[in-house]
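J.: Next one to model:
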Amino acid sequence: MKMTAGVEQAVYALLLLNRLPKQAMLSGESLSQQLQVSPTYLQKLMRKLVRAGLVSSVPGVKGGFRLLATPEGIRIYDVYIAVEGAESLYRSNGIFHAMFQLKENTTCLLSNVMEEAEYAWQSILKRTTIASLHEALNITSSNECLTKIDSWLKEKIVL
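T.: Reported below is the predicted structural model:
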């Protein structure tokens, strides 16, 4: 399994937006600078989060992004689905059936294991929210680092 960097970037974008005051927004340009990605790429990524109902966007010079859903309501699984899509991580190529000359309706042995692993992985992502990551960030990061991020945000806020 290989996930694109987009999921990680989207989660950190949401964590930044979560630190904003209630009605404030952050421009796409500011987000792209902080995440060190191109503005075009960031716009595509944020569009996926908007479509998923996690973020709202306001176009224009005074526009930007803000959380639409509550941080408690944004599960990392939701972010993953918004960015990567809902396809299963594993798809059998039929090797099992061909090798053992089995009927097509026989379940691939590896499919059962992969389905169980995917369920476990999804359950962890579903119980982890932007709010819980925000708490962990506040516990694990130094006050100096958090103050620096908050100062940067205050500088970049669009009201």
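
J.: Find the residue ranges of this protein scoring beneath the pLDDT cut-off.
T.: 1-2, 90, 92-108 (pLDDT under 70).

J.: mind checking the longest helix of it?
T.: If you go by DSSP state H, the chain has its longest helix at helix 109-127.

J.: Follow the chain on from it and name the next helix or strand.
T.: Moving toward the C-terminus from helix 109-127, the next helix or strand (DSSP states H and E) is helix 130-140.

J.: How about stretch 34-52, which residues are buried there?
T.: 34, 35, 37, 42, 43, 45, 46, 48, 49, 52 (16 or more other CB atoms under 10 Å). (Glycine included, C-beta is placed from N, CA and C.)

J.: Quick test: name the residue nearest the centre of this protein.
T.: residue 79 (3.3 Å; CA atoms, centre = their mean).

J.: Mind checking what secondary structure residue 61 has?
T.: coil (DSSP: H, G, I helix; E, B strand; the rest coil).

J.: so who does it touch?
T.: Counting by CB atoms under 8 Å, 6 or more residues apart in numbering, residue 61 makes contact with nothing.

J.: Could you give the backbone dihedrals for it?
T.: In terms of degrees, to the nearest 10, the main-chain angles of residue 61 are phi -60, psi -40.

J.: Could you check how far it is from residue 88?
T.: For residue 61, the distance to residue 88 (CB to CB, to the nearest Å) stands at 42 Å.

J.: Where do the strands of the protein begin and end?
T.: In the chain, the strands defined using DSSP state E lie at 25-26, 55-58, 64-67, 157-158.

J.: got TSV for those strands, with mean neighbour count and distance to residue 144 too?
T.: Shown next, in TSV, are the strands of the chain (neighbours: other CB atoms under 10 Å; distance: least, CB to CB, whole Å):
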stretch	mean neighbour count	distance to residue 144
strand 25-26	22	21
strand 55-58	16	28
strand 64-67	22	25
strand 157-158	16	21
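
J.: would you list those strands in a markdown table and tack on distance to residue 119?
T.: What follows is the strands of the chain, written out as a markdown table (distance: least, CB to CB, whole Å):
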| stretch | distance to residue 119 |
| --- | --- |
| strand 25-26 | 35 |
| strand 55-58 | 28 |
| strand 64-67 | 28 |
| strand 157-158 | 40 |
